[in-house]
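S.K.: Below is the sequence, then the predicted model.
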Amino acid sequence: KQEVTQIPAALSVPEGENLVLNCSFTDSAIYNLQWFRQDPGKGLTSLLLIQSSQREQTSGRLNASLDKSSGRSTLYIAASQPGDSATYLCAARPKGGSYIPTFGRGTSLIVHP
Amino acid sequence: DTAVSQTPKYLVTQMGNDKSIKCEQNLGHDTMYWYKQDSKKFLKIMFSYNNKELIINETVPNRFSPKSPDKAHLNLHINSLELGDSAVYFCASSQDGVYGYTFGSGTRLTVV
């Protein structure tokens, strides 16, 4: 059974810092891995999707990498801003079976001015 | 707008009542899902449904049932509501997850 762990659970940083959020998964047989952002009281917004054949994806100040052999994905946020404050979730979609993704419990990020 | 939309956004009801939450997607996706997010923000799959197969998380009480009138809709019916059912419920859809998952904005259910 796939287990997804996100470290750290919470992070508070001053504005301008470069950040690394970690997502690890126990079963490397994944089809893809998706990073989401959730603002308080809101739904999940997709940030980046990495297919299993890819090593990384970039969107603006966000960069996500995937290393299937070590069971890890990293979300890198450059030059953090207060507007980046949110909970960040990763989800691993299995290669076969039900196609139901397994979510981590998220990293709660606060960027203070 | 292409999206996954849920109604209502908020639902306050008494114990013992029966309620429904509606979900619609206009993305042309084959598969729809219901998730429950508890107070600790953990997302737990409840159901996955496409035109071929319904997959039920065995830990979900049978008071919860999905109803799909067509490919674009997956509604959640809850019978005999209990205090522990209070949570945020999210609907999502995907094309078998190949291109990722799209989530609705959630329904906050409060049982009093």
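M.R.: Here it is on my side, so go on. Numbering: from 1, shown residues only, chains lettered A, B, ... in the order given.
S.K.: Any residue of the helix or strand hosting residue A:31 touching chain B?
M.R.: Using DSSP states H and E, residue A:31 sits in strand A:30-38. Yes - counting by CB under 8 Å from any CB of the partner chain, chain B is contacted by strand A:30-38 at A:31-32, A:34, A:36, A:38. All C-beta spots, glycine's among them, are computed from the backbone N, C-alpha and C.
S.K.: Each with direction, which strands does that strand pair with?
M.R.: strand A:44-51 (antiparallel), strand A:86-94 (antiparallel) (DSSP bridges).
S.K.: near chain B, which residues of chain A?
M.R.: Listed as neighbours of chain B in chain A under the rule CB under 8 Å from any CB: A:31-32, A:34, A:36, A:38, A:41-46, A:49, A:87, A:89, A:91, A:93, A:98-101, A:103, A:105-106.
S.K.: can we see that at 6 Å?
M.R.: A:34, A:43-44, A:46, A:49, A:93, A:98-100, A:103, A:105-106 (CB under 6 Å from any CB of the partner chain).
S.K.: follow-up on the earlier one: switch the strands paired with strand A:30-38 over to CSV, and while doing so, append distance to residue A:79 to every line.
M.R.: Below are the strands paired with strand A:30-38 laid out as CSV (distance: least, CB to CB, whole Å):
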stretch, distance to residue A:79
strand A:44-51, 16
strand A:86-94, 16
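S.K.: how about the residues of strand A:30-38 next to chain B in CSV, adding pLDDT?
M.R.: What follows is the residues of strand A:30-38 next to chain B, written out as CSV (pLDDT from 0 to 100):
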residue, pLDDT
A:31, 92
A:32, 94
A:34, 96
A:36, 97
A:38, 96
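S.K.: ok, of those, which one's closest to residue A:12?
M.R.: residue A:38 (17.1 Å; CB to CB).
S.K.: Neighbours of the nearest residue to the closest one once chain neighbours are set aside, how many?
M.R.: Closest residue in space to residue A:38, ignoring its immediate chain neighbours: residue A:87 at 4.6 Å, by CB to CB, 6 or more residues apart in numbering or on different chains. Neighbour count of residue A:87, defined by other CB atoms under 10 Å in any protein chain shown: 20.
S.K.: Return the distance of residue A:87 relative to residue B:77.
M.R.: Residue A:87 sits at a distance of 29 Å from residue B:77 (criterion: CB to CB, to the nearest Å).
S.K.: Then residue B:91?
M.R.: From residue B:91 to residue B:77 the distance is 13 Å (CB to CB).
S.K.: Do you have the strands of chain B handy? List them.
M.R.: Ranges of strands within chain B are B:4-7, B:10-13, B:19-25, B:31-37, B:43-49, B:54-56, B:64-70, B:73-78, B:87-94, B:101-103, B:107-111, based on DSSP state E.
S.K.: Pull the distance from the third one to the chain's centre.
M.R.: In terms of CA atoms, centre = their mean, to the nearest Å, the centre of strand B:19-25 is set 7 Å apart from its chain centre.
S.K.: Residue B:32 reaches residue B:93, doesn't it?
M.R.: Yes - contact criterion CB atoms under 6 Å: residue B:32 and residue B:93 qualify, at 4.8 Å.
S.K.: what's the most buried one of the strands paired with strand A:30-38?
M.R.: Ranked by mean neighbour count under mean count of other CB atoms under 10 Å in any protein chain shown, the strands paired with strand A:30-38 are led by strand A:86-94, which reaches a mean of 24.
S.K.: outside of that strand, which residues touch it?
M.R.: A:4, A:21, A:23, A:25, A:30-39, A:73, A:101-104, A:106-108, B:97 (CB atoms under 6 Å, 6 or more residues apart in numbering or on different chains).
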